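# Can you look at this prediction? I've put the sequence above it.
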Amino acid sequence: MIQVHELRKVFHDRKRGEVAAVDGLSFEAPAGTVFGLLGPNGAGKTTTLRILSTIFKPTSGRVTVMGHDVVREPHLVRKSIGFLSGDTGVYERLTPREMIEYFGRLYGLSPALLRERKDSLVREFEMESYADTTCGKLSTGMKKKVSIARALVHDPKVIILDEPTSGLDILISRVLVDYVKRAKEAGKCVIYSTHVMAEAEKLCDRVAIIADGKKLAEGTVAELRAQTGSPDLEDAFFRLFDARPGAGKAEPA
Amino acid sequence: MMNLPNVLTIFRKEMIDLLRDRRTIFGMVVVPILIYPLLLIMFSQVLASQTERLMTRKYSLVVVGAPNAPGLVELLKTDDSWEIKEAVPGAGATSSDTPLLEGGAHIVLVVPPDFLETLQAEKSAKVELRFNKAKDESNFALHRAREAVEDYSSQVLKVRLQGKPDGFELPVVATETDVAPPERSSGFHLGRLLAMMLVLMSAVSAFYPAIDMASGEKERGTMETLLVSPALRSEIVFGKYLAVATIAMFTAVLHLTSMGVTFSYFFKSMLGAAKGSGLTFSIRPSSALLVLLPLIPLNMLFSALCLGLSAFARSYKEAMVYLTPVMIVANVTSFSALVPGIEFNYVLALIPIQNCAMLTVTLLSGDWKWGHVFATFASSSVYALVALRWTWSIFQREDVLLRGGAEFDWKRWLKTWGSARPGLGTALVAVIAMMALQLAVGPALQGMATEKLMLAHQILLIALPAAAIALLASLNFRSTFRLRAANPVHLALAPVIAFSGLVLVSCLNALLMKFPFFRTSGLEHGKALAETMRALGSFPVILVYMALLPALCEEFLFRGVVLSGLRRDLGRWAGVLACGALFGVAHQVPVAVISVGTFGVLLSWMALRSGSLLVTILTHTCWNALLISVEIFKDRLPSWLASADADLPATGLIIAAAILFPAAIWAFARARGVDEEERDDVFSGGESSAS
């Protein structure tokens, strides 16, 4: 479903010159799996996911989503993915229903299908009581649900979640986690970036641990534990992180 | 490519979003309806009370040398609004100025000792009124004192004229009759005021919706969501643009209606009070509707400009900072409609904002042409499209999402001095600086010897501003001015392109010269050029000063900083076209705007393709040299080069050029440029990193 090969992304920073946010990253995520990207802040997770969702262009390397190249066919890639990041906002003066409808139209859903999706999403995320209140009046958790529903309106085959639970209470987090489990069973491909190890341990079929834009290790949670001889993923992460090439240098902010 | 349903979806959403915003409603409905009545009430209250105070108050008048003119002083004393003090002539008249300056007196009347004597000799006696123009009271007092002196003068005249028939003192009297229909002459005056208001309204109306829709979307964190949706960037830009334009148009129309209703009510009540003043501010309803016509191009332009700047800004606050100068420039430009004596023509129709202001004036005066309306619409649409194209290119950039700070790092600026690349702003500043210098310094240069004039004009007014801006903006000279060695193939092709291109552009020129509008100014320009050549004398001197020098300086400015800036922000093709257009407009003569503009497009393309300024300097020099040679040797041309039509090149030449030109362009395009990287650097705009 998703193939990332030797991905590199360089930014021009006025102070630091050329900075490689992602540096030779490769991984593959087939359908029906949840693939976790684990790493500290500044590891290159968001940049990678933004490249997957065609907002950024890779400096070099090849990225395909469902067989479509992100550089040559961004249009087709955008149609097949649902993207949600932790700091995504909502249109405060639209109601959740209007939000879902707006994006549904942009994704080219037919009116009949759109009506059906709208109703089922509102039901699925239990938004009935506030579906017609403008988003500005909703709580953080409610807004998050609207964002999730918005990202899923076109029932995408690939779902990209960039630290989706940041700032959420456990109740809303559970709604999301439950959804990810169901999506996986429905044969979708989920890319899930997080720095919360417990979440990754519970959800992800495969995990890639990245730091400084480079992949440190990849495998199932059990494989990583065995590889490092650690009791849990968190411990495995610390061992890999401390043993990374160039460790001990100043950490990226 | 662009999908209309998507554009409409975005438009519809933005409209709903904006119309649910209390701030939009306030700016769109509440402000327009309330502001004019409130302003009028405040203004008329203050004006009335203040004027009344000035009209009815007592003014203190100091008479120096009162005994010299007893009659005059007598007359002044009959008017009890004067508070008269007498003063003895001191050490010169100036000593009496102290009370004027310090506020002890409003006006001083100085009567010389020989006043009566002169009057009795039936000559013209002089008195002096000293006043302080910096004080309103003094001005009012001057007005009244002048009337008093005139009254006294006519009293004396009556005595002198005893026995003469009536009308002796006024041998010839002219009566003036205004033949303009009343609605036209009032329309003319009203038009000027309206033109200013229109520009102001249009700018203000687009301000808020544009900020909310682009930088607002970034700030609220919804931009990313929109950009990962399958909607094309062009659909997003266009949908948003339509929404800004709709809201802005509605606001502007409401502003105008409210203003119109308020002022017509005001004038009706004013005129009711002062009948026979001759002022009627009635305009026909059809004229009122006509005012909406220039509003459309103005609105198109401002909406596009505001949206672009707002998309460029990273935050709400930054957008405010960028939009404020736009408002100031718009307002100052609109003042030009108030300048008397400017006739609207097709060249003015090309100047953004001013064309709409001028169009308003002509429309309301009733003396207008459809051609001007079309020209204004066409040029404004082009500018709006350029602004939209720019907005689109911003939405293409990756850093549109990055909400970094707007800090300016002085240390970095000094350290990396000379490495920046110019943008649209730098390019426009360079052209505007050049044109402003021409206006300001140009007249002062007149009267210099021709050689010095040419040198000063080209170097001081064209090359120097370009270099100064490059220094100030800390630009990289080498890449900005394309200071690179050229591919020899390009250099070899330059004269061929110059020759064949010139022949083809001459045909275009000949066609344009058939129109009297182009012909008059075109011939005048030709005459001026011929005169300069005569003044320079020998052929080699002419070539140096009129072919090489302008080619060097103009290429430095236009194919240097201007093209580099336009190309970065507008993209390759729009950049080439815009650079050509600016090059044409800078030549000011209408026919040259088109033919030189075409040449400018050609040169700009060559500059980008070859990557070297040398190539365009050579082309430009050859072009100028050929033009000059034709002018000098036109009477001595061999018969096969002569043509029947004086404006047109010989048929053989046209055929040769028509074959040579495409071939040379083809070869030019195939040859390798010295700077290939310039071709695909559109996406390298990232300024700070994000991960």
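Ah, there it is. Computed from a predicted structure; not experimentally measured.
# in the stretch 101-250 of chain A, which spans are helices?
Assigned by DSSP state H, counting those that start in this stretch, the helices in the stretch 101-250 of chain A fall at A:111-124, A:140-151, A:170-185, A:197-203, A:221-228, A:233-242.
# oh sorry, the question was meant for the stretch 51-200 of chain B
Under DSSP H, counting those that start in this stretch, the stretch 51-200 of chain B gives helices at B:70-78, B:97-102, B:115-120, B:136-160, B:182-213.
# and the ones you listed, which is most packed in?
Mean neighbours per residue, mean count of other CB atoms under 10 Å in any protein chain shown, is largest over the helices of the stretch 51-200 of chain B for helix B:182-213, with a mean of 23. For every residue, glycine as well, the C-beta is placed using N, CA and C.
# right, is that one up against chain A?
No - applying CB under 8 Å from any CB of the partner chain, one finds helix B:182-213 separated from chain A by no less than 10.0 Å.
# The residue in the stretch 151-300 of chain B that chain A sits nearest to: how many residues sit nearby?
Proximity of the stretch 151-300 of chain B to chain A (CB to the nearest CB) peaks at B:Gly221, 3.3 Å away. B:Gly221: 17 surrounding residues under other CB atoms under 10 Å in any protein chain shown.
# which residue sits farthest out from the middle of chain B?
B:Gly163 (61.2 Å; CA atoms, centre = their mean).
# quick one, what contacts that residue?
Contacts for B:Gly163 (CB atoms under 8 Å, 6 or more residues apart in numbering or on different chains) come out as none.
# Buried ones in stretch A:65-85, by neighbour count?
Using 16 or more other CB atoms under 10 Å in any protein chain shown as the test for burial, stretch A:65-85 gives A:65-66, A:68, A:70, A:73-74, A:76-85.
# Ends of that stretch, what's the gap?
18 Å (CA to CA, to the nearest Å).
# Quickly note the distance from the closest residue to A:Val196 other than its chain neighbours to A:His68.
The spatial neighbour of A:Val196 that comes closest, neighbours along the chain excluded (CB to CB, 6 or more residues apart in numbering or on different chains), is A:Thr165 at 6.8 Å. According to CB to CB, to the nearest Å, A:Thr165 stands 28 Å off from A:His68.
# now swap in B:Ala105 and tell me
The gap separating B:Ala105 from A:His68 is 89 Å, by CB to CB.
# now do B:Ala134
Using CB to CB, B:Ala134 is found at 75 Å from A:His68.
# And the strands in the chain?
Just going to use chain A. Secondary structure of chain A (DSSP state E): strands at A:2-13, A:17-29, A:34-38, A:60-65, A:68-69, A:81-85, A:158-162, A:189-194, A:206-211, A:214-219.
# Correction: the question concerned chain B.
Using DSSP E, strands in chain B cover B:59-64, B:82-87, B:107-110, B:128-131.
# Return the most buried member of the ones you listed.
Of all the strands of chain B, strand B:107-110 carries the top mean neighbour count, a mean of 24, counting by mean count of other CB under 10 Å.
# how far does that one sit from the chain's center?
With CA atoms, centre = their mean, to the nearest Å as the basis, strand B:107-110 stands 45 Å off its chain's centre.
# Provide the contact partners of that strand at residue level.
With CB under 8 Å, 6+ apart, strand B:107-110 has contacts from B:59-65, B:89, B:93, B:96-97, B:99-100, B:127-131, B:138, B:141-142, B:145.
# Grab the most central residue of the chain for me.
All of this is about chain A. By CA atoms, centre = their mean, chain A has its centre lying nearest to A:Leu161, at 2.1 Å.
# not quite, I wanted chain B
In chain B, the C-alpha nearest the mean C-alpha coordinate belongs to B:Thr333, at 4.6 Å (CA atoms, centre = their mean).
# can you pull the contacts of that residue?
Counting by CB under 8 Å, 6+ apart, B:Thr333 makes contact with B:Val199, B:Ile353, B:Gln354, B:Ala357.
# For chain A, see how far away B:Val64 is.
According to CB to the nearest CB, to the nearest Å, B:Val64 stands 72 Å off from chain A.
# Any residues of the stretch 151-300 of chain B in contact with chain A? List them.
Close to chain A, as judged by CB under 8 Å from any CB, the stretch 151-300 of chain B has residues B:Arg220, B:Gly221, B:Thr222, B:Glu224, B:Thr225, B:Leu227, B:Val228, B:Ser229, B:Pro230, B:Ala231, B:Leu232.
# can you tell me which of those residues are in helices?
B:Glu224, B:Thr225, B:Leu227, B:Val228 (DSSP state H).
# any idea which of those residues is closest to B:Ser500?
Here the nearest of these to B:Ser500, counting by CB to CB, is B:Leu227; it sits at 46.1 Å.
# correct me, but the closest one touches A:Pro74?
No - counting by CB atoms under 8 Å, B:Leu227 stays clear of A:Pro74, with 10.2 Å between them.
# so where is the stretch 101-250 of chain A shaky, pLDDT-wise?
For the stretch 101-250 of chain A, the stretches with pLDDT under 70 are A:246-250.
# interface residues of it facing chain B?
A:Tyr102, A:Phe103, A:Arg105, A:Leu106, A:Tyr107, A:Gly108, A:Thr134, A:Ser147, A:Arg150, A:Ala151, A:Gly213.
# how about 7 Å then?
Listed as neighbours of chain B in the stretch 101-250 of chain A under the rule CB under 7 Å from any CB of the partner chain: A:Tyr102, A:Phe103, A:Arg105, A:Leu106, A:Tyr107, A:Gly108, A:Thr134, A:Arg150.
# number of nearby residues for the third one?
Right, A:Arg105. Around A:Arg105 sit 22 other residues, with neighbours defined as other CB under 10 Å.
# For B:Thr621, which non-adjacent residue is spatially closest?
Distances taken as CB to CB, 6+ apart put B:Ala551 closest to B:Thr621, at 4.1 Å, once the chain neighbours are dropped.
# Quickly note the distance from that neighbour to B:Leu613.
In terms of CB to CB, B:Ala551 sits 10 Å off from B:Leu613.
# now swap in B:Glu531 and tell me
In terms of CB to CB, B:Glu531 sits 31 Å off from B:Leu613.
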